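Asks: The following comprises the amino acid sequence and a computationally predicted model.
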Amino acid sequence: MKTLGKFALAMLGIGLVLALLAAAAGGWALMNDGLPGASALVEIDGERIAIAELGVGGALLAVAGVTLALLVVAVVVPSALLLAFGMVALALVVTFGALLGVAVLLLAPLLLPAGLAWWLWRRSRRGEAAAAGTGGGTGGGTIGAQ
């Protein structure tokens, strides 16, 4: 694994540990009337639950729920955003490729004459260079001849 991957994995682990600590501290404070909202009521499906009346099991479930919610926010939301941006980028690449293909098909009748003209132009330039004697080579002499 590369260094950036190790760093991202370490940051994810540290973030998960900090989320667990924050959820545990919040649950402990709610159970011990440490927060002003400890006397609050939560209503789920018509059933009212007093935060202060949660037992140890309820507090652990609350901590687990908060931790799961934080994990979803930390993993699923960035993944969904990357997937969305990836699909947009893929659509742009496919669109550009299709437009390039259509342009090549439309310009195909011009490509053959243009290629032929370019080949003839380069061929005539080579002929001019050979006639002027700038074509390179040794000029027909031998090495070391006097």
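Replies: Sure, I can see it.
Asks: now Leu41: how far from Ala19?
Replies: As for Leu41, its distance to Ala19 is 25 Å (criterion: C-beta to C-beta, to the nearest Å). Yep, even glycine has a C-beta here, placed from its N, CA and C like the rest.
Asks: The two: which has the busier surroundings?
Replies: Neighbour totals were compared for Leu41 and Ala19, and Ala19 leads with 18 against 10 (other C-beta atoms under 10 Å).
Asks: what mean pLDDT does whichever helix or strand the more buried one is part of have?
Replies: Using DSSP states H and E, Ala19 sits within helix 3-31. Per-region confidence: helix 3-31 scores 79 on mean pLDDT.
Asks: Pull out the buried residues from it.
Replies: For helix 3-31, the neighbour count (16 or more other C-beta atoms under 10 Å) marks 19-20, 23, 26-27, 30-31 as buried.
Asks: low-confidence ranges in the chain?
Replies: Within the chain, the stretches falling below the threshold (pLDDT under 70) are 1, 30, 32-40, 51-52, 59, 129-131, 133-146.
Asks: Okay, strands next: where are they in it?
Replies: Remark: strands assigned in the chain by DSSP state E are 41-44, 47-50.
Asks: out of the buried residues of helix 3-31, who's nearest Gly101?
Replies: Relative to Gly101, the closest of the buried residues of helix 3-31 is Ala19; by C-beta to C-beta it sits at 48.9 Å.
Asks: how close does the residue lying closest to that closest one once chain neighbours are set aside get to Gly58?
Replies: Across the structure, with C-beta to C-beta, 6 or more residues apart in numbering as the measure, the residue nearest Ala19 apart from its sequence neighbours is Leu70 (4.2 Å). Applying C-beta to C-beta, the value for Leu70 to Gly58 is 19 Å.
Asks: Give me the more crowded residue out of those two.
Replies: Leu70 (17 against 14).
Asks: Could you verify my assumption that that one touches Ala23?
Replies: Yes. Taking C-beta atoms under 8 Å as the contact criterion, Leu70 and Ala23 are neighbours in contact, 7.2 Å apart.
Asks: For Val77, see how far away the residue nearest to Ala19 is.
Replies: According to C-beta to C-beta, Leu70 and Val77 sit 11 Å apart.
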